[in-house]
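[1] Mind looking at a prediction? Sequence and model below.
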Amino acid sequence: MREKELRRSLAVLPIGTVMKLTSLTARQIRYYESQELIFPKRSDGNRRLYSLADIDRLLEIKDYLDDGLNMAGIRKVYDQKKLERERQKDQSHQLTDDDVRKILHDEFLRAGGLQIPGSQQPSVQKPF
DNA sequence: GTTCTTACA
DNA sequence: TGTAAGCA
């Protein structure tokens, strides 16, 4: 099923379509890019092109934001994921959804510097 | 008409 | 984050 993966990664959607599919404003989408949360391709007149994978990524980012994480925190989670993916190359360990939840949990415990300044402490104190 | 970058009430 | 400005 590699061809399917390939298609999910094909960047062909303009920001306008992404806005409708994610309910995010162009401002937010571009801002997340500046925070290195997403990496859309560029094309013709320097226009951003997104893939279906990017759409999922943006929806995922929205969820993390609801969980009280800020840009830095989310990026940290993705960086961890990437490290695990690489570590997985020469080892037989794979990052499972449970691992991700654990990472998120740890983030909560010491999210002091990652928590959004003067923000809504997640209503759900112990979602884990 | 749509997107891009930059800047600021 | 919103939004306006000036380009492409």
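    Arrived safely.

[2] Assign whatever residue of chain A ends up closest to DNA strand B to helix, strand or coil.
    Distances between chain A and DNA strand B by C-beta to the nearest atom of the strand are smallest at A:G16, namely 2.4 Å. All C-beta atoms are positioned from the backbone trio N, CA, C, and that covers glycine. In three-state terms, and counting by DSSP: H, G, I helix; E, B strand; the rest coil, A:G16 is helix.

[3] who touches it in this structure?
    Neighbour list for A:G16: A:A26 [criterion: C-beta atoms under 8 Å, 6 or more residues apart in numbering].

[4] how much space between it and A:T25?
    To A:T25, A:G16 is 11 Å away according to C-beta to C-beta, to the nearest Å.

[5] for A:G73, same thing?
    Where A:T25 is concerned, A:G73 sits at a distance of 21 Å (C-beta to C-beta).

[6] more crowded one of the two?
    A:G73 (20 against 11; other C-beta atoms under 10 Å).

[7] My guess is that one contacts A:E107. True?
    Yes - contact criterion C-beta atoms under 8 Å: A:G73 and A:E107 qualify, at 5.5 Å.

[8] hmm, who's touching the helix or strand that contains A:Y64?
    Using DSSP states H and E, A:Y64 sits within helix A:52-66. Contact with helix A:52-66 is made by A:7-11, A:13, A:18, A:21-22, A:24, A:29, A:32, A:37-38, A:40, A:73-74, A:77, A:104, as judged by C-beta under 8 Å, 6+ apart.

[9] is DNA strand B contacted by that helix?
    No - Helix A:52-66 stays clear of DNA strand B (C-beta under 7 Å from any atom of the strand), getting no nearer than 12.3 Å.
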